[in-house]
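1. Need a 3D model of the sequence below.
(chains A and B, ligands or ions: 2)
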Amino acid sequence: MQSSKPLQTSVAIEEVTGLRERTVLERLLTSQPFWVTVAVILICIVTSIKEPNSFPTLANFFNTTRNFSSIGIMAIGMTAVILTGGIDLSVGSVMALVSTTVARLLEAGYGWESAWAMGLGVGLICGLINGYLIAYVKLPPFVVTLGMLSIARSLGVVISQGRVIYEFGPDAETFKWIGGGWLDLTLPNGSVLSLSHQFLLLIVLSIIFAFVLKWTSWGRWLYAIGGNENAARLTGIPVDRVKLQAYVLCSLTAALASLMLTGYAGSGTSGLGRGYELYVIAAVVIGGANLMGGAGGAYGGFIGAALIFLIRNSLIMFGVEANWYEFFVGLFIIFAVLLERIRGRKAG
Amino acid sequence: MASLELVGIAKHFGAIEALRGVDLRLESGEVLGLMGDNGAGKSTLVKIIAGNFPPSAGEIRIDGRPVQFHKPVDARREGIEIVYQDLALCDNMTAAENVFLGRELKRNWGFLKIVDYRAMYDRAAELFGELKSETRPRDLVRQMSGGQRQAVAIARTRLSEPDFVLMDEPTAAISVRQVAEVLDLIRRVRDAGHAVILISHRMPDVFAVCSRVAVLRRGTKVADKRIEDTSPEEVTGLITGAIASA
Ligand SMILES: Nc1ncnc2c1ncn2[C@@H]1O[C@H](COP(=O)(O)OP(=O)(O)OP(=O)(O)O)[C@@H](O)[C@H]1O
Ligand SMILES: [Mg+2]
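-> Residues are numbered from 1 along each chain as shown, chains lettered A, B, ... in the order given. Ligands and ions are numbered 1, 2, ... in the order given. Below is the predicted model of the structure:
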């Protein structure tokens, strides 16, 4: 056998088999948020065909976008936490605690500013407790936030004494307007598109969060911590501080969502947000975040939240019994994680 | 002229005594080969120098001045850079992002300071060029070969002008051609007046670039000789214990 192969061949083969830089199209086709967006559009088209009078209307757009906004807002904080490889099960309960606290304050005659400051303060404290125990005491996120889930819900019941509080005092109108109001836009054809304050807040926060993730060190560090926490530590990233901040952000978004929903509903109750941790985590995971950390983005949680609410919407329209809803949410979570596993294997 | 001095460095992990009183001196322009069997304590020693964890006993002195490192950043501030044995890379990020991890380049955007990707990709491309590595700055580390990963870890040490560069088996996973590049790089670092500690199991590498070689055996330094005063055979004997000490 002739064995005078030029060295060049091996280099050439390396270049062919080695992974080239992926094109924009390739990236899009392997991105989960893209496919979830496709699914959302498909569901909208199918439902519009089936229900041409009730689905593709401005009123329904207003309602649907408002309905998924609180989940979308919390998905922002949850994405930060999940990026670091953590989880926060306490968001629904933090909502309840915030809702009952601000309702009691308003009932006692305090202004809406005090109520908002207090609501955000309660979220901040819950986040600090979660974050401190997880980042500095090194307790597992699952256990800490499960504890907080129970504690915050129980405090909510104690504070409200089990009542639904709807006497909001002198600032009731303002407080309700913040959470329940909307903005009217007149379209070129003369019809009016209404956008709820909740949805507007979601849009603004999502844009800011997307910016932070991509363009700030803090955002990059969330990815680094989820990718290899030890490496992040060794390169000098303040891992513990960033993790604490992620949990604070998560509880703050829960507080924000609660303040908006409490205003929208016009009542504070310890029942608010029960089971919402499931929806929020589902939205984030369906939107392409990896529960092991290091993968995900701002748009994923947004579109994931949209998808799970559209599914509910469509199930009702197609006459499926509402009790099946959580069955499908659960199925979607498992499906999303399965998809992630399959994609992960291909990439790895 | 910068100097690094270790005095009586000991380290135990629970019952395991990884280091038992090691003295070591390193000066600018020197390349010290640190050799020893698996588990001899080589990585532990350089990790202490790099501020990963404090020694259980002993002192580190820089230019004669005692220093204490609580975090890796403290050591970096004193001009110490390290290539970790496990490379300390984030698989989910690009080569350039890994090079600049924890010290991202920034640019002004209005009144905000934002991450300057363009500058990071350009600078990383330059660094990989200097290392003669085919690593592409925009590739995810997850998709990279062992040698490319190594290049990323080594490129990190080139961001600053460190006085001391610690390399924990930088040639373990790479091709013959790339080994030559890394050795070349070590020589260049030395010629620029910096000091290098090179941990390696590869006798030819150590004898090619090192001016001194120190041998650790079960946490104790059993030899510290100028390279021209020893031979691969003697060093091998020292590592295995066939020669007690020299
Ligand atoms: N973080 C740690 N916790 C507990 N024991 C450790 C730790 N790091 C190192 N050791 C122990 O200390 C001893 C020395 O380990 P070290 O990693 O320094 O060896 P090494 O000389 O670098 O070996 P190798 O050539 O295999 O890299 C070993 O017995 C190891 O098990
Ligand atoms: Mg080692």
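
2. and after the strand or helix carrying residue A:212, which helix or strand comes next?
-> Here residue A:212 sits within helix A:197-215, counting by DSSP states H and E. Next helix or strand after helix A:197-215 toward the C-terminus (DSSP H and E): helix A:217-227.

3. which residues are in contact with that next one?
-> A:80, A:82-85, A:212-213, A:231-232, A:235, A:237-239, A:242-243, A:245-246, A:290, A:292-295, B:90-93, B:97, B:101-102, B:104, B:106, B:115 (C-beta atoms under 8 Å, 6 or more residues apart in numbering or on different chains). In short, each C-beta sits where N, CA and C put it, glycine included.

4. For stretch A:283-296, list every residue counted as buried.
-> By neighbour count on 16 or more other C-beta atoms under 10 Å in any protein chain shown, the buried set for stretch A:283-296 is A:283-291, A:293-296.

5. And the furthest pair within the residues you listed?
-> A:283 and A:294 (18.5 Å; C-beta to C-beta).

6. sec struct for residue A:167, please.
-> On the three-state scheme (DSSP: H, G, I helix; E, B strand; the rest coil), residue A:167 is labelled coil.

7. separation between it and residue B:18?
-> 67 Å (C-beta to C-beta, to the nearest Å).

8. Please give me every residue in contact with residue A:240.
-> A:135-136.

9. Check which residues of stretch B:106-123 are buried.
-> B:106, B:114-117, B:120-121, B:123.

10. Tell me where chain B has helices.
-> Remark: helices assigned in chain B by DSSP state H are B:42-49, B:72-77, B:95-99, B:117-130, B:146-157, B:176-191, B:203-209, B:232-240.

11. So which of the ones you listed has the densest surroundings on average?
-> helix B:95-99 (a mean of 27; mean count of other C-beta atoms under 10 Å in any protein chain shown).

12. Return it as PDB; C-alpha atoms alone will do.
-> Output in PDB follows, covering the C-alpha atoms of helix B:95-99 (Å, rounded to 0.1, in the frame of the first residue of the first chain):
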ATOM      1  CA  ALA B  95     -15.300  30.400  22.900                       C
ATOM      2  CA  ALA B  96     -15.000  34.200  23.100                       C
ATOM      3  CA  GLU B  97     -17.500  34.500  25.900                       C
ATOM      4  CA  ASN B  98     -15.500  31.900  27.800                       C
ATOM      5  CA  VAL B  99     -12.200  33.700  27.300                       C
END
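
13. quick one: contacts of that helix?
-> A:220, B:89-90, B:104, B:117, B:120-121, B:123-125, B:127-128, B:135-141, B:144, B:148, B:152, B:155-156, B:159.

14. run the last query once more with 6 Å
-> B:89-90, B:120-121, B:124, B:135, B:137, B:139, B:141, B:152, B:155-156 (C-beta atoms under 6 Å, 6 or more residues apart in numbering or on different chains).

15. Of these, which are in range of chain A?
-> When contact is defined as C-beta under 6 Å from any C-beta of the partner chain, these meet chain A at B:89-90.

16. quick one: least confident of the contacts of helix B:95-99?
-> On pLDDT alone, residue B:135 ranks lowest of those, at 88.

17. For residue B:99, give its distance to residue A:266.
-> Residue B:99 is 54 Å from residue A:266, by C-beta to C-beta.

18. of all the buried residues of stretch B:106-123, which two lie farthest apart?
-> B:114 and B:123 (16.3 Å).

19. Pull the contacting residues for residue B:139.
-> Counting by C-beta under 6 Å, 6+ apart, residue B:139 has contacts residue B:95.

20. Quick one: low-confidence residue ranges for the chain.
-> As the question left the chain open, I've gone with chain A. Along chain A, segments meeting pLDDT under 70 span A:1-22, A:343-348.

21. Compute the number of surrounding residues for the residue in it that ligand 2 sits nearest to.
-> Here chain A gets closest to ligand 2 at one residue, residue A:234, 14.6 Å apart by C-beta to the ion. Residue A:234: 24 surrounding residues under other C-beta atoms under 10 Å in any protein chain shown.

22. In terms of pLDDT, where does the nearest residue to it once chain neighbours are set aside sit?
-> Nearest residue to residue A:234, sequence neighbours excluded (C-beta to C-beta, 6 or more residues apart in numbering or on different chains): residue B:88, at 4.7 Å. As predicted, residue B:88 sits at a pLDDT of 90.

23. Wait, residue B:88 touches residue A:229, no?
-> No. Taking contacts as C-beta atoms under 6 Å, residue B:88 lies outside contact range of residue A:229: 10.6 Å.

24. okay, those two: which has more neighbours?
-> Neighbours per residue (other C-beta under 10 Å) separate residue B:88 from residue A:229, with residue B:88 holding more: 21 against 18.

25. List, one by one, the residues from chain B near chain A.
-> Residues of chain B lying near chain A (C-beta under 6 Å from any C-beta): B:72-73, B:88-93, B:101-102, B:104, B:114-115, B:138, B:143.

26. change it to 8 Å
-> Counting by C-beta under 8 Å from any C-beta of the partner chain, the residues of chain B lying close to chain A are B:52, B:71-73, B:76, B:84, B:87-93, B:97, B:101-104, B:106, B:109, B:114-115, B:136, B:138-139, B:142-143, B:145, B:156.

27. tell me how far stretch B:12-28 is from the chain's mean position?
-> Between the centre of stretch B:12-28 and the centre of its host chain there is 16 Å, according to C-alpha atoms, centre = their mean, to the nearest Å.

28. and that stretch, which residues are buried?
-> So stretch B:12-28, judged by 16+ other C-beta under 10 Å, has buried residues B:17-22, B:24, B:26-27.

29. Please enumerate the strands of chain A.
-> A:182-186, A:192-196 (DSSP state E).

30. Same list, the ones you listed, but as JSON lines with mean neighbour count and distance to ligand 2 please.
-> Below are those laid out as JSON lines (neighbours: other C-beta atoms under 10 Å in any protein chain shown; distance: least, C-beta to the ion, whole Å):
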{"stretch": "strand A:182-186", "mean neighbour count": "11", "distance to ligand 2": "61"}
{"stretch": "strand A:192-196", "mean neighbour count": "15", "distance to ligand 2": "58"}
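
31. May I see those organised as TSV, with distance to ligand 1 added?
-> Formatted as TSV, those follow (distance: least, C-beta to the nearest ligand atom, whole Å):
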stretch	distance to ligand 1
strand A:182-186	57
strand A:192-196	53
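
32. Chain neighbours aside, what residue packs nearest to residue A:311?
-> According to C-beta to C-beta, 6+ apart, the nearest residue to residue A:311 is residue A:328 (5.8 Å).

33. hmm, back to that, and the strands of chain A: which comes nearest residue A:173?
-> strand A:182-186 (14.9 Å).

34. tell me what the closest one is packed against?
-> If you count contacts as 3 or more C-beta pairs under 8 Å, 6 or more residues apart in numbering or on different chains; DSSP states H and E, strand A:182-186 packs onto strand A:192-196, helix A:197-215.
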